[in-house]
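Student: Got a predicted structure plus its sequence, pasted below:
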Amino acid sequence: MKKNNNNPLVSVIITTKDSERFIGSCLKTIKNQSYSNIEIIVVDNFSNDKTKDITIKYTKNFFEKGPERSAQRNFGAEKAKGKYLLIVDSDMELSENVVKECVKEIESRNEVKEIIIPEISFGDGFWAKCKALERSCYAGDDTIEAARFFDKDVFLEFEGYDEQITGPEDWDLSQRIGKKYKISRIKSPIRHNEADLSLIKSTKKKYYYSHKFLEYAKKHPKIAKKQVNLIFRPAFFRNWKRLIKDPIHTLGFLFMKLCESIAGIIGIIVSRFKKH
C-alpha cells in the first residue's frame, strides 16, 4: 500500500526498558510494513543499555518516561500525530501486513474502534516452546486476547491505559472501549519473542503483575473470574487435539501455569497485606 493522502497516518508506539536485545528486530519489521504511512514513537523507561543508540537509527521520536509501561504508552499517544495507534512491545515482530490489515478493517467499519492482532510466540529452549504452545490455544478467545490497534480519538476519549493497574491494563482498556464500540480482529500475526524464557522468569513476572489484579477485578468482576483460572481455561479444552499431539510441552506449560497460579495468589495476598 503506497503512501498517499487517502492513507491515514498510523502511530506505532513502542515501550522499552533495557531492550537492546530485541528493539532492532522490532523496528525493522515496522519499517518493512506493506503500509508505509507510519510514524514510530519509542518511549523508553531510562534504559542503561544501547536501546537509544539502536532506536535513533530508525526514528527521531525517542522519549524517556516512567515509571511503567501504561504511563509510557499514554505518553506516546499524547505525542502521536496519527489517526490510529498501534501499541507494540519491544520484544514483538510484526508480519508485513499487520498495519495494512488493521487500517483496512477499521476504515471499512465505522462501528469498529479497536482491533485485536493475533500473537504467535517463539523462542529458544523448552519453556519458550511451552509458552508458544499455550499461546496458540488463545486465538479468538475474548477473555485472553486484548486489542493493540485503536482509533486515537477513542483511545483518548477513554483516557488510555489505567496507570494504576499495570499488568492487566491491556484487558482493562479493551473492555472499557468494548462497552461502547465494536472490537474486531485481523489475520496477520505479531510474533512475540520469548527468547530464552525460564520457569523462574515466567513465575516472577506473574507475581509482579498480580499485585494489581484485585483492582482490575473490581472494575471487571465477571470476566476477571474467567481470567483468574490459569490452568483450567476453556481454550485448553477447545484445543485438546492440538495438545495431545505434543504431550511433553503440554505438561510443561500446565506445570508453568501451576507455578504462575501459586505466584499470582501470593502476589494478591501480598498486595492486600500492604494495603492494610
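Tutor: Structure's in. What do you need?

Student: all helices of the chain, in order?
Tutor: Taking DSSP state H as the test, the helices found in the chain are 23-31, 51-55, 69-79, 98-108, 126-136, 152-157, 169-178, 199-210, 213-219, 221-227, 234-238, 240-244, 247-275.

Student: can I get those in JSON lines with distance to residue 7, mean pLDDT and mean neighbour count?
Tutor: To be clear about C-beta, it is placed using only N, CA and C from the backbone, and glycine gets the same treatment. JSON lines is the format used below for the helices of the chain (distance: least, C-beta to C-beta, whole Å; pLDDT from 0 to 100; neighbours: other C-beta atoms under 10 Å):
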{"stretch": "helix 23-31", "distance to residue 7": "16", "mean pLDDT": "98", "mean neighbour count": "19"}
{"stretch": "helix 51-55", "distance to residue 7": "25", "mean pLDDT": "98", "mean neighbour count": "19"}
{"stretch": "helix 69-79", "distance to residue 7": "20", "mean pLDDT": "97", "mean neighbour count": "21"}
{"stretch": "helix 98-108", "distance to residue 7": "7", "mean pLDDT": "98", "mean neighbour count": "20"}
{"stretch": "helix 126-136", "distance to residue 7": "31", "mean pLDDT": "97", "mean neighbour count": "20"}
{"stretch": "helix 152-157", "distance to residue 7": "15", "mean pLDDT": "98", "mean neighbour count": "16"}
{"stretch": "helix 169-178", "distance to residue 7": "24", "mean pLDDT": "96", "mean neighbour count": "20"}
{"stretch": "helix 199-210", "distance to residue 7": "36", "mean pLDDT": "94", "mean neighbour count": "17"}
{"stretch": "helix 213-219", "distance to residue 7": "36", "mean pLDDT": "92", "mean neighbour count": "17"}
{"stretch": "helix 221-227", "distance to residue 7": "35", "mean pLDDT": "91", "mean neighbour count": "13"}
{"stretch": "helix 234-238", "distance to residue 7": "35", "mean pLDDT": "94", "mean neighbour count": "15"}
{"stretch": "helix 240-244", "distance to residue 7": "38", "mean pLDDT": "96", "mean neighbour count": "12"}
{"stretch": "helix 247-275", "distance to residue 7": "40", "mean pLDDT": "92", "mean neighbour count": "16"}
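
Student: so which of those gets nearest residue 41?
Tutor: Smallest distance to residue 41 across the helices of the chain (C-beta to C-beta): 4.7 Å, for helix 69-79.

Student: Out of the helices of the chain, flag the one nearest residue 145.
Tutor: helix 169-178 (8.2 Å).

Student: for that closest one, packing partners?
Tutor: strand 112-116, strand 147-151, helix 152-157, helix 213-219, helix 221-227 (3 or more C-beta pairs under 8 Å, 6 or more residues apart in numbering; DSSP states H and E).

Student: again, only using 10 Å
Tutor: helix 69-79, strand 112-116, strand 147-151, helix 152-157, strand 182-185, helix 213-219, helix 221-227 (3 or more C-beta pairs under 10 Å, 6 or more residues apart in numbering; DSSP states H and E).

Student: No more questions from me, cheers.
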